[in-house]
Every structure is written in C-alpha cells, then in structure tokens.
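> quick one: sequence and predicted model below, then my questions.
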Amino acid sequence: MDHSGAHNRPHVALLPSAGMGHLTPTLRLAASLANHGLQVTLIVGHPIVSAAESKLISRFLSAFPADQVREKQFDIVSVDPATVNSKDPFFIQREATRRSLQILPSLVSSLSPPISALVSDVFLMSPVLEATAHLKDLPQYILFTSSARMFSLFASYHTFFSETSPDFSKVGDFIETPFPGVVPIPISSLPPPLRDPKTWFASTFMEDSKKLSSFDGVLINTFGKLESDSLKGGKLLDGLPPLFTVGLVPCDFEKGSEEGGSAIIKWLDDKEPGSVVYVSFGSRTTMAKEQIREMGEGLVRSGCPFLWVVKDKIVDKEDNDSLEDVIGDAELVEKMKEKGLVVKEWVDQGEVLGHKSVGGFVSHCGWNSVVEAAWYGVRLLGWPQGGDQRINAEVVERSGLGVWAKDWGWMGERVIKGEDIGGKIGEIMRNDLLKFQAEQIGEEARKAVGDGGSCENAMKELIGKWKNE
Ligand SMILES: O=c1ccn([C@@H]2O[C@H](COP(=O)(O)OP(=O)(O)O[C@H]3O[C@H](CO)[C@@H](O)[C@H](O)[C@H]3O)[C@@H](O)[C@H]2O)c(=O)[nH]1
C-alpha cells in the first residue's frame, strides 16, 4: 500500500480500547492532532459498552469539521465471557475487540488519503500487529494510557516473569525496572491479576510486553514534574522504540451539557475557594454498599464541604437505582445534605477539578484522574482499588501531588471505617505544603503542554516524523 500521499497534512488513524479510561486519552490525543492541523480518523468498534463513551464520541465528532475528523466503524464480534475469564464488561469488550481486528487491513486501506500512522491502544497491541503484519510500510504507534512508572513495568515484565510462573523469588520484594528514574516497584503494588500467570490479564500483558520493539513509537500520557523525567537517559531496554511523553489534558469538546452539570457548578460557586473535597473513583469502579455508607460517614466527619460521585454499577446503562437505595440509610442521606452534594451521574470532572472551590480530590488513582488533578493543581488523597492504581499512587506521592492510603487494602479486601476516611481527608485538606506542591505541579504541567514545553515539543517531533515519512 502506498502511504506517501499524506505529506503536509498527515492523516492519522486512532484505535481506542474499551472504557472511558482508554477512550478519553485517545480522544484528547485526536483533538490535539486535529488542532495541530492533522486529519484524524477514529476507528471505533460497535456496539459501545457505556453511554458515557457514546456521548463523548459524539461530542468529539461534532467539535471538528467532517473533512478533518471522521469516524470509521467496525463490528465487534460477541465472545463467550467464559473464554475471557472475567465478568467485567469492559474486559470482555477489550477481548472481543482483540478478536475482531482481522478487519483492520481492509479498513485501514479504505481510508483516504492514505494514513501516515496508526496509533492503537496498548490493550490491543498483539492483534493489531498480527492483523497488519503485511502492511510493512505502515508506521505503528502505541498509546500507553497509564503512568510512565506503569510503562516501565509493562516494558520489562517479560524479563522478570515467565508465561508459566510468576517467580517472585527472582525479584524479591521489589521489581527494579531498567528505567533509571523509576524507583523500584514493590511486589505488593503489582496489579493483582499479574500475580497469577493463568489470568487473562497476565497472559495478554506478557504477550504484548514482548512486542513493544515491533512498534515505531510509544506515546505516554505524562508530563513535567509529575514523572516524565523518569524515562530519560540511562540504559532502557534493548529494542525499545522511541517514547513520546505527550500530556493529554481536558479539551474543549469534553465540556458540555451533563444533565446535572449546572446545578453542580452552582453548588460549587457558593463555597469558599479551595474548601471542597471532590470524591470520585473514575468511570468503572464500584463500591460495596457497606463501604459506600462508611464513605458517607467519613465525608460527614471530615467537616469539609464535599462533592461525591457515587457509583454502584460498572456500566452506567445498568445504573438505575436511586441514590437513597444505594446509600440505604435515610438518616445518613439527610446528614450529608448539610455539608455535601452527592450525585449518582456522570459529571464533567475537568470542570469540577478546575473550579476554584475544589481543593482536594479523593481518587482511586486511575491515571487520567491523576493527570487531571495535576493539570488543575488539586491535591489528592489516593485510595487505589485495583489494576495500575497503586503504581500510579506512588507517582502521586513521590511527585508531591498528594498522599495515598497504604493500609486500606485493594478493592473489597476489607471495609474502611468512616472515622479513618474522615481523618485522612481532614489531614490532606489542612496540609498547606501539599496544597502548595499541587499548585506548583499544575503550573509545571501548563508549561510542559504550552508552547516550547516538553510535551508540546514531543508532539511536534512526532508530527514532524509523520510529515516526513
Ligand atoms: O463522573 C465521571 C467519572 C469519570 N470521568 C472521567 O473519566 C475518566 C476516568 O479515567 P480514570 O481516572 O483513568 O479512571 P478509570 O475509568 O478507572 O480508568 C481505567 O483506565 C485507566 C487508564 O488506563 C487506568 O489507570 C485505571 O486504573 C482504569 O480503571 C477521567 O478522565 C475522568 O475525568 C468523568 O469525567 N466523570
């Protein structure tokens, strides 16, 4: 296939994986490329799992002219969940997407003008490579949606563990990755499924980790003071492709008409600057009812005004219970009304974190939430629940953006009492040093993404490559 046509206005195709944690950075990248004058095609598998994803895609597409940004759809085959070894709809969708990618060569070949590069989500690596193996001159990139610290684990995972046995005796209590700025990763911070090579997550992680060298580059969503220095210099892994640390931050197309959005902003408008603690665990993390009640108690005890996004179903379309039913304690609901606003709906997190009244964020440390807190200079109390989140929480603490609760366990391991939660929230909200550090990180983030900053330079370098290829 001839890809030589797209010289001055490169055309790039992006292939996201399932879930807002993956779609959001892909669309932020797509918007940034479009704002740099590139033509973008978003390759989207249908049906889409959540309403939040469908809405964000529509907003993105309608924010740009059709001759600059387009969607190309493909059908996702249905899979037997038993073969995925997971009940999580987003994991099932991810595997179903992996199994549907044979369509990719014909889909890519049909794009006009021919594309200068394909950027795929890290979760889709191996099947993308397999399907496009014969498209030798197609530059292939990966978007890594988590921290650089997590990337260091991903890139070196196959050098520590084999397919059949996670031999922890080889690594001791810490994994020392070959990335010079990355402090050793405690084994206790490994995403729980990676401890068992038989899990689907561990086997795809292993398979994909070995294939990094087949790509032309990896884009990592991180910046400046937060951690991008951790990937520079020193002896990285042999054959590792170039790394581009692009900072992917909230964009205009995301702002919009969330149903209760204006009521939330009005509520925030009435609060003292920096006084509100915002609580959200991302797009797909649910809490058990008992823990939800303790969280409510904790927020009341903290004495701070709070905005809390409650979630008790993984997929938003199935989330039909009332707030009162989910909290299940009418007295607590009444108590919370005095100080807080509790919602059970999608909120515009960028708008909330950017509001002057918000001074703290209780987060599971999903990487997008961490980057957004850094971008808006909001200090963070991390309560990692699963996956990469402890590794990300370690970045939060090391950078000075916040602290994390190290003895609260992984999701559902045990119920954390309201007294402890309230105490920790009070601590971070009274901590002026943390407030100062977080604000500094926000300033550094703006420099990195602004003209002449490290992220903007990385983006320009990448676009320059695509123009010349
Ligand atoms: O009411 C809400 C809830 C979420 N968000 C946004 O949704 C995204 C959520 O992403 P993230 O904070 O990364 O959390 P998850 O949705 O849990 O993301 C998954 O994907 C991330 C990136 O790979 C991983 O770091 C996480 O561990 C994994 O759970 C963020 O941009 C939030 O701003 C909203 O705007 N409104």
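The structure has been received and is ready for your questions.

> what's the longest helix in the protein?
The residue-count maximum for a helix in the chain (DSSP state H) belongs to helix 432-449.

> and that helix, what other elements does it pack with?
Judged by 3 or more Cβ pairs under 8 Å, 6 or more residues apart in numbering; DSSP states H and E, the packing partners of helix 432-449 are helix 224-227, helix 367-376, strand 379-382, strand 402-404, helix 454-468. Every residue, glycine included, has its C-beta placed from N, CA and C.

> how far does the helix or strand just after the shortest one sit from the chain's center?
For strand 402-404, the succeeding helix or strand toward the C-terminus, using DSSP states H and E, is helix 418-430. Distance of helix 418-430 from its chain centroid, counting by Cα atoms, centre = their mean, to the nearest Å, is 26 Å.

> how close does residue 201 sit to residue 236?
Distance of residue 201 to residue 236, given as Cβ to Cβ, to the nearest Å: 24 Å.

> who's more crowded, these two?
Shown here are residue 201 and residue 236; by other Cβ atoms under 10 Å, residue 201 has more neighbours (20 against 17).

> list the contacts for the more buried one?
Residue 201 makes contact with 86, 91, 191, 193-194, according to Cβ atoms under 8 Å, 6 or more residues apart in numbering.

> which ones among those residues map onto helices?
Using DSSP H, the contacts of residue 201 in helices are residue 91.

> now distance to the ligand, neighbour count and pLDDT too, for the contacts of residue 201, in JSON lines please.
Below are the contacts of residue 201 laid out as JSON lines (distance: Cβ to the nearest ligand atom, whole Å; neighbours: other Cβ atoms under 10 Å; pLDDT from 0 to 100):
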{"residue": "86", "distance to the ligand": "13", "neighbour count": "17", "pLDDT": "79"}
{"residue": "91", "distance to the ligand": "11", "neighbour count": "22", "pLDDT": "89"}
{"residue": "191", "distance to the ligand": "8", "neighbour count": "21", "pLDDT": "93"}
{"residue": "193", "distance to the ligand": "12", "neighbour count": "20", "pLDDT": "87"}
{"residue": "194", "distance to the ligand": "13", "neighbour count": "20", "pLDDT": "88"}
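
> does residue 390 really touch residue 189, like I thought?
Yes. Applying Cβ atoms under 8 Å as the test, residue 390 and residue 189 come out as touching, 3.9 Å apart.

> so between the two, which is more surrounded?
Counted by other Cβ under 10 Å, residue 390 and residue 189 do not tie: residue 390 has more neighbours, with 23 against 20.

> my read is that one is in a helix, agree?
Yes. Residue 390: assigned to a helix according to DSSP: H, G, I helix; E, B strand; the rest coil.

> identify the residues contacting stretch 325-337?
Taking Cβ under 8 Å, 6+ apart as the rule, stretch 325-337 contacts 289, 292-293, 296-297, 299-300, 308, 310, 312, 323-324, 342, 344.

> output it as PDB, nothing but the C-alphas.
Listed next in PDB are the C-alpha coordinates belonging to stretch 325-337 (Å, rounded to 0.1, in the frame of the first residue of the first chain):
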ATOM      1  CA  ASP A 325     -31.400   2.900  47.600                       C
ATOM      2  CA  VAL A 326     -27.700   2.800  47.000                       C
ATOM      3  CA  ILE A 327     -26.800   4.500  50.300                       C
ATOM      4  CA  GLY A 328     -29.500   2.700  52.100                       C
ATOM      5  CA  ASP A 329     -29.500   4.900  55.200                       C
ATOM      6  CA  ALA A 330     -32.000   7.800  55.100                       C
ATOM      7  CA  GLU A 331     -30.500   9.400  58.200                       C
ATOM      8  CA  LEU A 332     -27.100   9.500  56.600                       C
ATOM      9  CA  VAL A 333     -28.500  10.900  53.400                       C
ATOM     10  CA  GLU A 334     -30.100  13.700  55.500                       C
ATOM     11  CA  LYS A 335     -26.800  14.400  57.400                       C
ATOM     12  CA  MET A 336     -24.900  14.500  54.100                       C
ATOM     13  CA  LYS A 337     -27.200  17.200  52.700                       C
END
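
> list the buried ones in it?
326-327, 332, 336 (16 or more other Cβ atoms under 10 Å).

> with stretch 425-440 instead?
For stretch 425-440, by 16+ other Cβ under 10 Å, it's 425-426, 428-429, 431, 434-435, 437-438.

> do stretch 17-35 as well
Of the residues in stretch 17-35, 17-34 count as buried by neighbour count, 16+ other Cβ under 10 Å.
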